[in-house]
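Student: below: sequence and its predicted model.
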Amino acid sequence: MNIALLLEMAAEAAPDRIALVCEGKRWTYGDLLAAARGAFELIQDSGAEYVALLDESSEAAVIAVFGAALAGVPYCPLNYRLPDADLAALLGRIAPALVIGDEERVLRIAGGQNHTVFPRDEFTLKVQETVPGNDTRQYDPGEGVAIQLFTSGTTAAPKAAILRHANLIGYILGTVEFASADEADAALVVVPPYHIAGISALLSSIYAQRKIVMLPSFSPEGWLSLVAHEAVTNAFVVPTMLARIVDAMEKGATAQTASLRAIAYGGGKMPLEVIHKALERFPSAGFTNAYGLTETSSTVALLGPEDHREAVASEDPKVRARLTSLGKPIPTVEMEIRGENGEVLPVGEPGEIYVRGDQVSGEYKEKSALDAQGWFPTRDAGFMDQDGYLFLSGRADDVIVRGGENMSPGEIEDVLLTHPAVADACACAIPSVEWGETVGVAIVTRQGHIAPNEGELKELVRSRLRSSRVPEKVAFVSELPYNEMGKLLRRKVKDVLAD
Amino acid sequence: MKPGTRLKSAACDTEVMVIRSADGQIECGGSPMGEARPTEPAPLAADFSAGTLMGKRYIDSEGKYELLCVKPGKGSLSVEGAALVVKDAKPLPASD
């Protein structure tokens, strides 16, 4: 079944309802479907094998997703922040493509690759001018790949993760009720178009008939002003964005946020301090922490608004700790924590998170990572507590193995962050002659505080965790390296600590 | 019936997409559904006239059949005379 059906149904049920607001322009479901059908013609004529987007979010991203789907060509949004050489290599892997966006750059770095390039405005104009074919036109049945996303490739060359129409349809039909949104609902989408959260936000909002309000480029002030101006009810942010929004509000930025009912976050670890402040700043909003991966078509576990409220109000440290959890697996997904030999681990024991379900693709262009029973090893390490709450301890590759004992960086960092003078902390493995690996930590001192001394930090860890967790090396840095999605780049910290 | 096949009612406006199916006859309004609508509409059977709702998924009791309504109509869905029932999505608290 083709994902374009989601837009076709929305357009059939409410052709004149506003579907999208971007930079002041308003698009109805009918407009978007007509444009997607125009894009189909353009894609067919070009002979492209992929449709790529090298641009910030705009209506072109929505039109391209569905146009590519109708044409049966994978849609592949690219990270425009990549350096030229890396981007040229990715473009080479999808040639010949119809590329929407930065024409000058594509021609300069990948001119010989036979791409058809349209600047955004030209694409948007052309697809509207193109008269869609009549009803007898044969659109793709949707048995193949809908989306191809290159993983960020922090450890090796980027992998081409593929999501089939069936994965995305499974996710949407299983988790979204058709046309369930109120006409006044508006979802603010600010994640970049090449991120899975950006794509699933488009699909679920369109199927729910929730108006999408796009913010192509994030700034706290821009976000707050759009919330007020469009009476935004739902928003998804990555942790760094929420931190900057809260910070701007504290510094007195104009904020009219009473319309906000739901704020979801994900894509990286949320600092406890930030979520506490955000809960105070947005008292009428329900918060949801969503955990998912590109390979799972977005969300597989979540911590809902009720969980947030309970955790904040509770005296029980176990319940309070849920604020640092990812919540529980969603009903349409199965989840297991497994040990090194693939055995399912008991409650509370840390291991690798495995997931299975219709929405789980676990597939790369080169090969599938699913096992014979359809389980996908996420490479994320974590554990589940007695009540079924999932806690993430980092990437499986980030686990510190000291003398055969597995330790998660997360638990050490959580303890260090309780020190009043510690603003940010990263624990990672450093080579040790005696133990194979041992713990190294990088610390960012909180503004206005004196750097804590090494002994004090070691004692703090010793007092809360086992002595094996005590860092052997402590480095003080001015800031930790994060990518633009708020993901901590541990490899870089490792390099600093190895020196 | 292959998943992704679009079936039309002979008795009303209903159209469905097949998500899951076995060998039984899929009906709407009491008459077999097909990929094309017959020129002469079939009468709407009183027992199968509760109507279909856009965007709802309909399933049988054994989980062998699942149909997504993509166009609503006056008839209701059945397989070999056994009525299908609505399967609810498990909506997430707007996580994305």
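Tutor: Done, it's in.
Student: which parts of stretch B:29-43 are buried?
Tutor: Buried residues in stretch B:29-43, counted by 16 or more other CB atoms under 10 Å in any protein chain shown: B:Gly29, B:Gly30, B:Ser31, B:Met33, B:Arg37, B:Ala42. Backbone N, C-alpha and C define where each C-beta goes, glycine included.
Student: these in strands, which ones?
Tutor: Applying DSSP state E to the buried residues of stretch B:29-43, the entries found in strands are B:Ser31.
Student: so which one among the buried residues of stretch B:29-43 has the lowest pLDDT?
Tutor: Ranked by pLDDT, those bottom out at B:Arg37, which scores 93.
Student: please name the bridge partners of the residue nearest to it when sequence neighbours are not counted.
Tutor: Using CB to CB, 6 or more residues apart in numbering or on different chains and skipping residues adjacent in sequence, the residue nearest B:Arg37 is B:Lys8, 4.5 Å away. Under the criterion DSSP bridges, B:Lys8 forms beta bridges with B:Glu15, B:Gly34.
Student: I'd say B:Lys8 and B:Pro41 touch.
Tutor: No: the pair B:Lys8 and B:Pro41 fails to qualify as a contact (CB atoms under 8 Å) at a distance of 10.8 Å.
Student: before we move on, the earlier item: next, count neighbours for the residue nearest to B:Arg37.
Tutor: A total of 18 residues lie near B:Lys8 under the criterion other CB atoms under 10 Å in any protein chain shown.
Student: doesn't A:Ala64 belong to a helix?
Tutor: Yes: per DSSP: H, G, I helix; E, B strand; the rest coil, A:Ala64 lies within a helix segment.
Student: ok, now which ones touch it?
Tutor: Neighbour list for A:Ala64: A:Ala39, A:Val51, A:Leu53, A:Tyr75, A:Ile100, A:Phe123 [criterion: CB atoms under 8 Å, 6 or more residues apart in numbering or on different chains].
Student: can you check A:Asn234 too?
Tutor: A:Asp185, A:Ala186, A:Ala187, A:Leu188, A:Arg210, A:Leu260, A:Arg261, A:Ala262, A:Ile263, A:Ala264, B:Ala94.
Student: okay, and which of those map to strands?
Tutor: Going by DSSP E, the strands hold A:Ala186, A:Ala187, A:Leu188, A:Ala262, A:Ile263, A:Ala264 from those.
Student: most surrounded residue in these?
Tutor: Among the ones in strands among the contacts of A:Asn234, A:Ala264 has the most neighbours (other CB under 10 Å), with 27 neighbours.
Student: would you mind measuring from the residue nearest to B:Arg37 to A:Arg93?
Tutor: For B:Lys8, the distance to A:Arg93 equals 41 Å [CB to CB, to the nearest Å].
Student: same question for A:Tyr482.
Tutor: For A:Tyr482 relative to A:Arg93 (CB to CB), the value is 27 Å.
Student: and A:Ser152, by the same measure?
Tutor: Taking CB to CB, one finds A:Ser152 at 15 Å from A:Arg93.
Student: cool, and A:Ala179?
Tutor: Distance of A:Ala179 to A:Arg93, given as CB to CB: 38 Å.
Student: picking that back up, including pLDDT, could the contacts of A:Ala64 go into JSON lines?
Tutor: Shown next, in JSON lines, are the contacts of A:Ala64 (pLDDT from 0 to 100):
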{"residue": "A:Ala39", "pLDDT": "97"}
{"residue": "A:Val51", "pLDDT": "98"}
{"residue": "A:Leu53", "pLDDT": "98"}
{"residue": "A:Tyr75", "pLDDT": "98"}
{"residue": "A:Ile100", "pLDDT": "98"}
{"residue": "A:Phe123", "pLDDT": "98"}
